[in-house]
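In: got a sequence here, can you build the structure:
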Amino acid sequence: MADSIYITPTDDTIVAPATTPGTSAIAVIRISGKETFNMVNTLFKAKDLTKQATHTIHFGTLREGNTILDEVLVSIFKAPNSFTKEDVIEISCHGSDFIVRKIIQALLKQGARLARPGEFTKRAFLNGRFDLTQAEAVADLIHSDSEASHIAAIHQMRGGISNEIKNLREKLIHFASMIELELDFGEEDVEFADRADLQKLITEIQKVLSSLIESFDVGNAIKNGVPTVIAGKPNAGKSTLLNVLLNEDKAIVSAIPGTTRDAIEDEVMIEGVRFRIIDTAGLRETTDTVEAIGVSRTRDKMKQASLIIYLFDAATTNPYDLEKELQEIAQLNIPFIVVANKSDQLLPSSAIYQWPESSQLIYISAANKLNIEELKSRMLKEVKAEKFVTGNTLITNIRHYESLRQTYQALQTVLTSINTGLSGDLLALDIRSALYHLGEITGEITTDDLLATIFSKFCIGK
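Out: As a prediction, the model looks like this:
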């Protein structure tokens, strides 16, 4: 962390429960710091833990005076071979909130301090266990609730993003050092950094950055779920489709138009990708005040969606009217799927077959669960899930996304500086700006405020 602005001592010993509160079979209490073994030894009566080998587990009792707190298993990890690279002990006790509280209180009396949210992971980062993107991936892994988000977090934790960023940064640092060297020989008019090579490098880096930036739409959807709006005219079968996708009767289904007055939302997992499905009020002109509010909210939800499923009644819809509706949706610049519902009622002479784009439609019957799997496959395709399955590096974090965008802009300024023949000192400033933003991502450049913001989102004990 040689470039880091963050300089905060971490020489005290911290303690926190590593498992969630509530009655359970066991609970785990984690302690980290230079006094860890001395503090636990005072309570643990079975043996001297300082004389035991690292990565071993020991059974015994914890006692405060003559009072037995609990029978426990003590796992020991000696520095630097631990998660935090400090001395760490994990106490596995019975899962009673009272017992956990008594053990922690006993350790606090020995001089330990209650850990802040994410402080164990923060220490691991500060001690060089991993970089900042990998530390953030720990939180993503804890909160992953789908196969896709789990794999994305694992990939990031194992250095997927870090390796890409570090490689780009090293190449830029090389050219920056050459330009800095030129400044030392300013009066001799020498050029150590070939401008054509630098221009080529920056263009290559921008290409990689563009790919990472563009991956954020997919990565963010995988991490947070894909907001998917089911829209269409009243009685198109939107609520029926919602119920079929969720495999439960979530929404009221009625033949009466305008039954759905407000958005109904739930989640469904499709091949490891989480979709947040939103059933909305039917799109139509109405004099009903409440229904009009629902229609307005539908249009708002559509603007906020990452995917729109536009559903229409294939048996009654006029292709001319459908085309006008789809033109309006296309103006939102949001991926959408056009679905012809009640296709089981179609005849070969049905009007929809005369529409030039009819072959692009997905024909389903929500009521009869016809072609629902085809719709699910199309949903995955529209969110580009195949990019993720191939193991490509994806940006899932808004902080990384913003830093990448700023890096790209800084490099664009470098290109402009080269083309206009600006002096080496100004060129060096532009490159430093790009290096700064890249360093923010992995933590080579960071601040107390940034780290406080990142690790405050972690749970206590991690």
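
In: give me the below-cutoff pLDDT ranges for the stretch 101-250 of the chain.
Out: 180-193, 248-250 (pLDDT under 70).

In: what segments of it are helices?
Out: Secondary structure of the stretch 101-250 of the chain (DSSP state H, counting those that start in this stretch): helices at 119-126, 132-143, 147-157, 160-184, 195-214, 216-224, 238-246.

In: contacting residues around the shortest one?
Out: This points to helix 119-126. Outside of helix 119-126, the residues within contact range by CB atoms under 8 Å, 6 or more residues apart in numbering are 1, 6, 8, 10, 14, 16, 30, 32, 83-86, 130-132, 134-135, 138-139, 443, 451, 455, 458, 461-462. C-beta: built from backbone N, CA, C; applies to glycine.

In: any buried residues in that helix, and which?
Out: 119-126 (16 or more other CB atoms under 10 Å).

In: so which of these comes closest to residue 75?
Out: Closest to residue 75 out of these is residue 120 (14.3 Å), distances taken as CB to CB.

In: returning to what we had before: could you single out the nearest of the buried residues of helix 119-126 to residue 163?
Out: When the buried residues of helix 119-126 are compared against residue 163 (criterion: CB to CB), the nearest one is residue 125, at 16.8 Å.

In: mind checking how far the residue lying closest to residue 159 once chain neighbours are set aside is from residue 361?
Out: Using CB to CB, 6 or more residues apart in numbering and skipping the chain neighbours, the partner closest in space to residue 159 is residue 134 (6.4 Å). Distance of residue 134 to residue 361, computed by CB to CB, to the nearest Å: 45 Å.

In: ok, residue 310 - contacts?
Out: 231-232, 325-326, 329, 336-339.

In: confidence score at residue 289?
Out: As predicted, residue 289 sits at a pLDDT of 52.

In: the strands in this protein, which residues?
Out: Along the chain, counting by DSSP state E, strands occupy 14-17, 24-32, 56-64, 67-77, 88-95, 113-114, 226-232, 264-270, 273-279, 307-313, 336-341, 362-363.

In: still on that earlier bit, so which of the helices of the stretch 101-250 of the chain gets nearest residue 61?
Out: Of the helices of the stretch 101-250 of the chain, nearest to residue 61 by CB to CB is helix 119-126, at 25.5 Å.

In: quick check: angle from that closest one to strand 24-32?
Out: 40 degrees (axes from the mean of the first three to the mean of the last three CA atoms, to 10 degrees).

In: show me the domain layout of this protein.
Out: 14-130, 139-215+395-442, 221-389 (automatic domain parsing).

In: ok, of the contacts of helix 119-126, which come out buried?
Out: Judged by 16+ other CB under 10 Å, buried ones among the contacts of helix 119-126: 1, 6, 10, 14, 16, 30, 32, 83-86, 130-132, 134-135, 138-139, 443, 451, 455, 458, 461-462.

In: quick check: residue 49 touching residue 37?
Out: Yes: look at residue 49 against residue 37 with CB atoms under 8 Å: they come within range, at 5.3 Å.

In: pick the one among the buried residues of helix 119-126 closest to residue 373.
Out: residue 121 (40.7 Å).

In: could you check how far that closest one is from residue 301?
Out: 36 Å.

In: repeat for residue 353
Out: Where residue 301 is concerned, residue 353 sits at a distance of 31 Å (CB to CB).

In: of those two, who's got more company?
Out: residue 301 (20 against 15; other CB atoms under 10 Å).

In: check what pLDDT residue 318 gets.
Out: pLDDT at residue 318 comes out at 84.

In: I figured it hits residue 351, correct?
Out: Yes: between residue 318 and residue 351 there is a contact under CB under 8 Å: 6.5 Å.

In: compare those two (neighbour count), which wins?
Out: residue 351 (17 against 12).

In: count the neighbours of the nearest residue to that one once chain neighbours are set aside for me.
Out: Excluding the flanking residues, the one nearest residue 351 by CB to CB, 6+ apart is residue 319, at 5.9 Å. Look at residue 319: counted by other CB under 10 Å, it has 17 neighbours.

In: make sure residue 319 is actually in contact with residue 361.
Out: No: under the criterion of CB under 8 Å, residue 319 is not in contact with residue 361, lying 10.5 Å apart.

In: so for these two, which residues contact both of them?
Out: residue 352.

In: wait, residue 397 sits on residue 136?
Out: Yes: Residue 397 is within contact range of residue 136, at 6.1 Å (criterion: CB under 8 Å).

In: ok, those two, which is more surrounded?
Out: residue 136 (28 against 22).

In: distance of that one from residue 407?
Out: 18 Å.

In: if we can go back for a sec, need the overlap of contacts for residue 49 and residue 37.
Out: 76, 89.

In: where's stretch 114-128 relative to the chain centroid, distance-wise?
Out: Relative to its chain's centre, stretch 114-128 lies at 20 Å (CA atoms, centre = their mean, to the nearest Å).

In: start to end distance for that stretch?
Out: Stretch 114-128 has an end-to-end distance of 23 Å (CA to CA, to the nearest Å).

In: ok, the residue nearest to residue 304 when sequence neighbours are not counted - contacts?
Out: The shortest distance from residue 304 to any non-neighbouring residue, by CB to CB, 6+ apart, is to residue 227 (6.4 Å). By CB under 8 Å, 6+ apart, residue 227 lies in contact with 276, 278, 304-307.

In: let's have those residues in TSV, adding neighbour count.
Out: Formatted as TSV, the contacts of residue 227 follow (neighbours: other CB atoms under 10 Å):
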residue	neighbour count
276	18
278	23
304	10
305	22
306	20
307	21
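
In: could you count how many residues lie near the nearest residue to residue 168 once chain neighbours are set aside?
Out: Excluding the flanking residues, the one nearest residue 168 by CB to CB, 6+ apart is residue 205, at 5.2 Å. Residue 205 has 21 neighbouring residues, counting by other CB under 10 Å.

In: mind listing what residue 205 touches?
Out: Per CB under 8 Å, 6+ apart, neighbours of residue 205: 168, 171-172, 411.

In: and for residue 29?
Out: By CB under 8 Å, 6+ apart, the neighbours of residue 29 are 15-18, 90-91, 93, 100, 103-104, 107.
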